[in-house]
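[1] model this:
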Amino acid sequence: MRPFAGTLPFDAAYRLVLDAARATDRVERIAVELVDGRVLATAILADQDVPAFDRAAMDGYAVIASDTAPASPDAPVALRHIGRVFTGETSDAFVVSGTCIEVATGAPLPPGADAVVMVEHTTRDITHVFVSKPPAPRQHVGPRGGDIREGESLLEAGAVFNPARIGAVTAIGQTHVEVFARPRVAIMCTGDEVVSPGQPLQPGQVYNVNRYTLEALVRRHGGEPVIIPTTGDSLEALDRSLAVARTCDIIVTSGGSSVGEHDLVIDMLRTHGEVIFHGIAIKPGKPTVFGRIGDTILLGLSGYPTSCLSNAHVLLLAPPNGRLVRSRCRWLGGSHPHRAACSSTPCAWRGATPFLRSRRRATSPPWHTRTATS
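    Residues are numbered from 1 along each chain as shown. Down below sits the predicted model:
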């Protein structure tokens with residue numbers, strides 16, 4: 001056994017983790033149907049107007065507004081009907097005084113017209129349309145460039161794609177965009193006793209829970225998990241796994257972070273990189289290891305599943321604005337901590353910050369929780 005020389009207060013450890021987070025600068029070009037939730041790397045300027053033409057905003061008739069000014073229900077204005085335009089079509093006819101052209105919503109406004117009268121405000125016979133309520137000039141006309149103007153900044157670098165922003169990009173005809181690459185997070189579970197689910201357990205063995213919980217956590221928060229095969233408790237096995245893991249942006253290990261003879265993650269880190277801290281004054285999670293190997297961050301977590309997952313939430317996804325995984329992909333935000341009244345009395349550990357699992361008993365503020373026993 002190699003006892004801890006001391007433990008770091010949680011706030012100090014937390015700040016060291018946030019300070020170590022760096023945004024990835026790798027950029028990839030991907031299809032727009034794949035960009036939801038991704039972070040734009042290069043600003044996008046609109047290279048065209050959207051729409052590219054004046055268009056009818058209502059079903060009705062394209063007219064010259066001044067022709068219809070005298071119209072009323074008792075004295076409708078008669079206009080000669082000279083054609084119709086549907087969406088996807090253009091009109092060869094020109095609206096002149098005393099004429100009109102039938103238009104569908106979204107159809108290009110025929111030349112010469114400056115307004116659209118709603119079909120509800122008209123009647124017609126075979127040759128003429130009778131307008132009972134006059135439109136104002138430009139009424140019911142969607143102007144060219146009304147949605148997007150050519151030359152305007154459509155999206156700034158750093159914008160996170162959502163359905164609306166995907167719509168804006170496709171509206172100017174873009175099929176691919178440049179985004180920051182997702183951070184690659186190596187998940188490296190250690191322990192001679194750890195086996196994969198589906199295999200029969202031998203005496204003293206446990207299933208590899210952490211591989212799956214960490215993978216889901218990383219994937220949910222914007223990272224690309226890279227699964228390293230379960231690694232045995234020897235420096236040789238750790239070195240073999242590290243050779244693959246160190247190509248990633250972040251390494252997360254589970255198990256082997258404490259002070260026993262088989263807890264060798266700290267030795268591996270000292271051999272190949274820099275130990276930033278080993279041991280935090282929290283419970284669970286005291287034997288947490290943090291450091292770097294070259295440009296790769298390493299976070300060593302306990303092998304105990306509850307401790308591993310809770311500490312990953314606290315440190316790997318450190319809220320509110322410094323999420324380690326999300327910082328590496330230039331995406332900040334997400335869930336934030338909330339104050340809640342606890343209906344059961346938690347235990348206290350002298351000199352340590354406790355992190356307790358709890359069940360939320362309210363669906364909206366004020367929050368009420370009860371500590372969980374399982």
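[2] For Ile187, the count of nearby residues, please.
    Ile187 sits with 24 neighbouring residues when counted by other CB atoms under 10 Å. Heads up, the C-betas are built off the backbone N, CA and C, glycines and all.
[3] tell me the contacts of it?
    Contact analysis of Ile187 by CB atoms under 8 Å, 6 or more residues apart in numbering lists Asn210, Arg211, Leu214, Glu215, Val218, Pro225, Val226, Ile227, Ile228, Val252, Ser254.
[4] Specify which member of those is nearest to Val116.
    When the contacts of Ile187 are compared for distance to Val116 (CB to CB), Val218 wins out at 53.1 Å.
[5] which secondary element of the chain has the worst mean pLDDT?
    Of all helical and strand segments in the chain, the minimum by mean pLDDT, DSSP states H and E falls on helix 324-328, at a mean of 48.
[6] circling back to that earlier point, what subset of the contacts of Ile187 is buried?
    Listed as buried from the contacts of Ile187 are Asn210, Arg211, Leu214, Glu215, Val218, Pro225, Val226, Ile228, Val252, Ser254; burial here means 16 or more other CB atoms under 10 Å.
[7] so what pLDDT did the fourth one get?
    What that stands for is Glu215. On pLDDT, Glu215 comes in at 96.
[8] cool, the fifth one as well?
    According to the model's per-residue confidence, Val218 sits at a pLDDT of 91.
[9] CA atoms only: put the helix or strand that contains it into PDB for me.
    Using DSSP states H and E, the element containing Val218 is helix 209-220. Extracted as PDB, the C-alpha positions of helix 209-220 are listed here (Å, rounded to 0.1, in the frame of the first residue of the first chain):
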ATOM      1  CA  VAL A 209     -20.300  -1.600 -16.000                       C
ATOM      2  CA  ASN A 210     -18.100   1.500 -16.400                       C
ATOM      3  CA  ARG A 211     -17.300   0.900 -20.100                       C
ATOM      4  CA  TYR A 212     -21.000   1.300 -21.000                       C
ATOM      5  CA  THR A 213     -21.900   4.100 -18.600                       C
ATOM      6  CA  LEU A 214     -18.900   6.200 -19.600                       C
ATOM      7  CA  GLU A 215     -19.500   5.500 -23.300                       C
ATOM      8  CA  ALA A 216     -23.100   6.700 -23.100                       C
ATOM      9  CA  LEU A 217     -22.100   9.700 -21.100                       C
ATOM     10  CA  VAL A 218     -19.400  10.800 -23.600                       C
ATOM     11  CA  ARG A 219     -21.700  10.200 -26.600                       C
ATOM     12  CA  ARG A 220     -24.600  12.100 -25.000                       C
END
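[10] how far out from the middle of the chain is it?
    From the chain centre to the centre of helix 209-220 is a distance of 17 Å (CA atoms, centre = their mean, to the nearest Å).
[11] next one: stretch 222-233
    How far stretch 222-233 lies from its chain's middle: 23 Å, per CA atoms, centre = their mean.
[12] And the average pLDDT for it is what?
    On average, stretch 222-233 scores 93.
[13] That's all I had, so thanks and see you.
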